[in-house]
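Chemist: Sequence and predicted structure below; questions after.
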Amino acid sequence: MASLESAREQAFTRYVLPEVEVLLRVALSLTSQPADAEDLVQDTLLRAYRSADRFDGKHPRAWLLTIMRNVEVNRHRRRRPHLLDDPDADLDRLAVAPAGVPPTPEEVVVGEQFDEVVDSAFAALPQQHQQVVRLIDVDGLTYADAARLLGVPEGTVMSRLHRARKRIRSRLAAAGLAPKRGMM
């Protein structure tokens with residue numbers, strides 16, 4: 001046990017510590033918030049420490065960035081269920097105006113109709129387009145993160161998202177809930 005801990009500490013010192021500054025820069029570009037970046041680096045360092053004794057020593061930066069990417073994906077997965085715990089409660093909370101004034105009947109009908117058209121348009125999308133919309137627009141991933149997660153080029157993610165949004169917009173326009181093509 002002592003030799004395992006010693007090997008782990010030596011590997012961590014040799015391969016991980018020199019890369020901390022790079023990890024901080026990458027984490028900041030992923031999260032855009034210094035506190036979130038520091039948390040991401042800390043989680044990455046903890047995982048790297050736990051497995052440092054098993055690391056082969058080849059390409060430590062790539063190894064650490066892979067760990068960081070996986071940590072960030074897992075963080076998004078943990079956040080997502082909270083958004084979907086009780087959608088009815090969230091809708092009820094959002095249905096009331098900020099001043100506590102309930103919405104007008106017209107706002108309720110248009111809101112329900114809008115949701116129905118969006119849901120229908122989303123369900124009609126090909127699976128690949130649904131995945132991209134879910135990752136970018138619902139989960140808030142960047143194009144680069146979505147591309148890595150799906151294993152496709154970033155340009156493919158961008159074109160799929162563009163096509164998906166265009167189809168949803170055209171359905172909304174056809175239902176009278178969005179401006180027609182010439183007005184957008």
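Modeler: Thanks, I have it.
Chemist: Only C-alpha atoms from now on, for both contacts and neighbour counts.
Modeler: Fine.
Chemist: Domain map for the protein?
Modeler: In the domain annotation for the chain, the residue ranges read 2-83, 86-183 (automatic domain parsing).
Chemist: which one of those has the lowest average pLDDT?
Modeler: Lowest mean pLDDT within these: domain 86-183, a mean of 78.
Chemist: show me where the protein has helices.
Modeler: For the chain, the helices defined by DSSP state H occupy 2-11, 20-31, 34-51, 60-84, 87-95, 105-124, 127-133, 143-150, 154-174.
Chemist: if you skip the residues just before and after it, what's nearest to the spatially most central residue of the chain?
Modeler: Nearest to the centroid of the C-alpha atoms of the chain, with distances taken as C-alpha atoms, centre = their mean, sits Leu141, at 2.9 Å. Ranked by C-alpha to C-alpha, 6 or more residues apart in numbering and with sequence neighbours excluded, the top spatial neighbour of Leu141 is Leu135, at 5.7 Å.
Chemist: and the one you found, how far is that from Gly151?
Modeler: 13 Å (C-alpha to C-alpha, to the nearest Å).
Chemist: between those two, who's got more neighbours?
Modeler: Leu135 (22 against 10; other C-alpha atoms under 10 Å).
Chemist: Check the spacing between the nearest residue to Ile168 once chain neighbours are set aside and His129 real quick.
Modeler: Leaving aside its chain neighbours, Ile168 sits nearest to Ala121 (5.3 Å; criterion: C-alpha to C-alpha, 6+ apart). The spacing between Ala121 and His129, counted by C-alpha to C-alpha, is 11 Å.
Chemist: Can you tell me what sits against stretch 165-181?
Modeler: With contact meaning C-alpha atoms under 8 Å, 6 or more residues apart in numbering, stretch 165-181 is reached by 114, 117-118, 121-122, 125, 133.
Chemist: let's see 6 Å
Modeler: Ala121 (C-alpha atoms under 6 Å, 6 or more residues apart in numbering).
Chemist: Next: stretch 119-131.
Modeler: Contacts of stretch 119-131 (C-alpha under 6 Å, 6+ apart): 160, 164, 168.
Chemist: Please report the distance of the second one from Gln10.
Modeler: Yep, that's Ala164 we're talking about. 50 Å.
Chemist: what do you get for Phe114?
Modeler: Phe114 is 58 Å from Gln10, by C-alpha to C-alpha.
Chemist: what about those two, which has more around it?
Modeler: Phe114 (17 against 14).
Chemist: which residue packs closest to the more buried one, ignoring adjacent ones?
Modeler: Leu177 (6.7 Å).
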